[in-house]
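Q: pasting the structure only:
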């Protein structure tokens, strides 16, 4: 194998993190490129490191592993997603893991043999994707698989599906990641490749397009009122002509081509 598979570990438990990193160190075609104790720190790191395999804990403070995957996919749509191996002490998360296209699922504390089965499941597909065309793929020899990995039957029978979307998202301001809940947003102003996000308590300026932010917000709660402004419908206090007044007293202009759609949305929410 010309290049090892680059691995990154996210787990808030030191013992669990140490065990996985030790296993990675035993396998010559794996390379540990980093680790994090929480999902927030990992989001910054993964923008530049771009691992091939991500070992991800489910239960972590501030953000769960599943919330992390949703945020990572939304904030880095042009970046190749790593193969994900979930690690957790709770088998009831199995169904949720497979719904997120997780490659495998390790119960803590995982044995080395079980770890190897997970790697043998991930490696052939990942190496083929990295190699590209068939000629290149032939030059990269994946390890011999030990055995197919079955889904944890007991967990699949008893687990319940989790929520569909995270109730928050993250935006960058300077070098900080800020957690936002949609209901905090009053309106958003677009300034080319930057956005001013007006909250009930402050204003955040972030490098992002309006189109990208719209995709992260619930469509039934937010509406574009002109090319440069997006408003949360629940924050509208009144509409006078082509001006919206928000609950905090700010004014937002309605574009001519947007007015009919805005008025229709407001009528649907009238008592």
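A: Right, received. Where do you want to start? Here the structure is a predicted model, which means the values were calculated and not measured.
Q: in the stretch 101-250 of the chain, what spans have low per-residue confidence?
A: Regions of the stretch 101-250 of the chain meeting the criterion pLDDT under 70 cover residues 101, 125-166.
Q: What ranges does it have for its helices?
A: In the stretch 101-250 of the chain, the segments counted as helices under DSSP state H, counting those that start in this stretch are 112-131, 134-138, 153-158, 210-216.
Q: What residues are bridge-paired with the closest residue to residue 82 other than its chain neighbours?
A: Distance criterion CB to CB, 6 or more residues apart in numbering; nearest residue to residue 82, sequence neighbours excluded, is residue 54 at 4.2 Å. For every residue, glycine as well, the C-beta is placed using N, CA and C. Judged by DSSP bridges, the bridge partners of residue 54 are residue 8, residue 84.
Q: you'd agree residue 54 is up against residue 85?
A: Yes. Using CB atoms under 8 Å, residue 54 is in contact with residue 85, at 7.1 Å.
Q: so what are the domain limits for the protein?
A: 5-158, 180-268 (automatic domain parsing).
Q: Now render the ones you listed as JSON lines, adding distance to residue 173.
A: Listed next are the domains of the chain as JSON lines, based on distance: least, CB to CB, whole Å:
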{"stretch": "domain 5-158", "distance to residue 173": "13"}
{"stretch": "domain 180-268", "distance to residue 173": "5"}
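Q: pLDDT on stretch 53-62, on average?
A: Mean pLDDT, computed over stretch 53-62, is 89.
Q: May I have the distance across it, first residue to last?
A: Stretch 53-62 has an end-to-end distance of 23 Å (criterion: CA to CA, to the nearest Å).
Q: in it, what counts as buried?
A: Across stretch 53-62, burial judged by 16 or more other CB atoms under 10 Å covers 53, 54, 55, 56, 57, 58, 60.
Q: which residues sit in contact with residue 122?
A: The contact partners of residue 122, by CB atoms under 8 Å, 6 or more residues apart in numbering, come to 5, 53, 83, 85, 103, 104.
Q: And those residues, which two are furthest apart?
A: Pairwise distances across the contacts of residue 122 peak at 13.8 Å for 5 and 104 (criterion: CB to CB).
Q: out of everything not next to it in sequence, what's closest to residue 236?
A: Residue 236 sits nearest to residue 244 (CB to CB, 6+ apart), 5.6 Å away.
Q: you'd agree the one you found is up against residue 251?
A: Yes. Under the criterion of CB under 8 Å, residue 244 makes contact with residue 251 at 6.8 Å.
Q: what about these two, which has more around it?
A: residue 244 (23 against 10; other CB atoms under 10 Å).
Q: show me what contacts that one?
A: The contact partners of residue 244, taken as CB under 8 Å, 6+ apart, are 225, 231, 236, 238, 251, 252, 253, 254, 262.
Q: Throw those into a markdown table and include distance to residue 73, thanks.
A: Converted to a markdown table, these look like this (distance: CB to CB, whole Å):
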| residue | distance to residue 73 |
| --- | --- |
| 225 | 28 |
| 231 | 26 |
| 236 | 31 |
| 238 | 38 |
| 251 | 36 |
| 252 | 30 |
| 253 | 34 |
| 254 | 33 |
| 262 | 30 |
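Q: From these, which land in strands?
A: Under the assignment DSSP state E, those contribute 225, 231, 236, 238, 251, 252, 253 to strands.
Q: So which of the residues you listed is the closest to residue 212?
A: residue 231 (17.3 Å).
Q: Spatially, what comes nearest to the closest one if we skip its sequence neighbours?
A: Per CB to CB, 6+ apart, closest to residue 231 is residue 187, 4.4 Å.
Q: Over to residue 30?
A: Closest residue to residue 30 apart from its sequence neighbours, by CB to CB, 6+ apart: residue 24 at 4.8 Å.
Q: Is it correct that that neighbour falls within a helix?
A: Yes. According to DSSP: H, G, I helix; E, B strand; the rest coil, the state of residue 24 is that of a helix.
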